[in-house]
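> Using only what follows, build the 3D model:
(one chain, ligands or ions: 1)
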Amino acid sequence: MSRVVHSAGAALVSCALAGTLAAQPATIRQYQYAPRADGQAYELVLKTVPRPVPGPHDVLVRIHATSINGGYDVEMRDSKPGGENNATGGIPFADGAGEVAAVGADVTRFKVGDRVAGIFMQRWLDGDRTADAFASSRGGNSGGMLAEMIVSDEQSLVAIPKHLSYEEAATLPTAGVTAWNGLFKYGHVKASDYVLLEGTGGVSTFGLVLSIAAGAKPIITSSSDAKLERARKLGAFGTVNYRQNEDWQKEVRRLTGGAGVKQVLEVGGQRTIAKALEALALDGHVALIGSLSGFAEQIPVGPLFGAGAHLTAIYVGSRADFEAMNAFIAAHEIHPVIDRVLEFEDAPMAFELMAHGDYMGKIVVRVR
Ligand SMILES: NC(=O)c1ccc[n+]([C@@H]2O[C@H](COP(=O)([O-])OP(=O)(O)OC[C@H]3O[C@@H](n4cnc5c(N)ncnc54)[C@H](OP(=O)(O)O)[C@@H]3O)[C@@H](O)[C@H]2O)c1
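Numbers count the residues shown, from 1 in each chain. Just a heads-up that it's a prediction; the model follows:
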């Protein structure tokens, strides 16, 4: 008896899904990576494809905005087709946010109309990262976001803070979660801690707005006085132009009254790590994140011991980390720093801007 009732219920639910899907377009546009004519890298092609269909545990998301990550997306586009990335046919961009358009019959986390963002590693939900979670990173595969609609397992999405626009929410999954984990999960940043942020890219500007909200004292470097001025307006405690001041680490330490910084979001790599360690306070924490000036193959051990430093290598974060960050962002009504918003048709330009342009914070692509 109960089986009959259950299957009647399931039929009703799948009819409802069919109804919602019928209201959706039959085709959508999505960008894909295709091997460039010279075979040395990928280029973007805009395709019209059948609208994806959600399975029982999936959500159909109408993407409203996506954002690019230079170190990840540009590297993927510029990698050799047939190599380890194998991105042919994959959808670019790990980051994106949108609105739930339909849900599969067994979905319980979301309903039609909910505002969501994708998590970077689709199967890293909580706890330690696994090899399987690592293999589930979005971008350059079917999990990419540069599309009018995507289908995602409901587990691989989070609700986005109400006060954020879709453009703002689309910047959270990679740069935001990385900065959050560096400062809060592993750095345990406290009010009044001095925090060093290198340059004014995506991760560092998230470090800026998050640490300001925590009552910490961020000191940010840049090659541009205009960007430093903007950072001061956002609430930076101190600023240093690393292009004009070769020994910028000494100025950073001076700004802390000689004590040094308690936290570093180390995104610079080869040209910054040794200097960042010179600016580090006793028992300070360094979040190893990036390689903007090339990988730091050699880290000087002397200053590490001298400071009794704590080092954590960060690889974005889990869904639980993303949700913890979102709660903080909502409680403090934090807004990400966005440099500009491009239209969907101009998405290839985002790669050029990231590779060669001048920007502060995040570059977003609007999809609707
Ligand atoms: N481990 C992870 O999970 C993870 C996650 C996200 C990103 N990353 C990596 O972290 C790094 C930063 O990512 P992002 O997305 O924030 O990059 P981004 O937005 O592309 O940052 C670009 C900015 O970095 C600054 N910069 C470049 N070279 C610098 C140097 N030598 N010293 C100081 N600042 C420098 C410049 O700032 P100014 O214009 O102000 O000078 C530049 O505008 C990248 O290497 C990326 O691959 C790692």
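> Can you report how many residues neighbour the residue nearest to residue 350 when sequence neighbours are not counted?
What sits nearest to residue 350 in space, not counting adjacent residues and going by Cβ to Cβ, 6 or more residues apart in numbering, is residue 68, at 4.5 Å. (Each C-beta comes from the backbone N, C-alpha and C, glycine too.) Neighbour count for residue 68, taken as other Cβ atoms under 10 Å: 28.
> List the contacts of residue 68.
If you count contacts by Cβ atoms under 8 Å, 6 or more residues apart in numbering, residue 68 has them with 74, 93, 95, 350-351, 354, 362-363, 365.
> For these, pick the one with the most neighbours.
Neighbour-wise, those (other Cβ under 10 Å) top out at residue 95, 32 neighbours.
> Residues of this structure that sit close to the ligand?
69-72, 174-175, 178, 198-204, 221-224, 227, 242, 267-268, 271-272, 289-293, 314-316, 354 (Cβ under 6 Å from any ligand atom).
> buried subset of those residues?
69-72, 174-175, 178, 198-204, 221-222, 224, 227, 242, 267-268, 272, 289-292, 314, 316, 354 (16 or more other Cβ atoms under 10 Å).
> quick one: which of those residues sit in helices?
The helices, defined by DSSP state H, take in 178, 202-204, 227, 354 from those.
> Select, from the residues you listed, the two members most distant in space.
Within these, two members stand farthest from each other by Cβ to Cβ: 178 and 227, at 19.9 Å.
> and the ones in helices among the buried ones among the residues of the chain next to the ligand as a markdown table, adding pLDDT?
What follows is these, written out as a markdown table (pLDDT from 0 to 100):
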| residue | pLDDT |
| --- | --- |
| 178 | 98 |
| 202 | 98 |
| 203 | 98 |
| 204 | 98 |
| 227 | 98 |
| 354 | 93 |
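> and residue 65, how many residues sit next to it?
25.
> And the one 10 residues further on, by the same measure?
Applying other Cβ under 10 Å, we find 13 residues neighbouring residue 75.
> so what pLDDT did whichever residue of the stretch 51-200 of the chain sits closest to the ligand get?
With Cβ to the nearest ligand atom, the shortest gap between the stretch 51-200 of the chain and the ligand falls at residue 71, namely 1.8 Å. The per-residue pLDDT reported for residue 71 equals 89.
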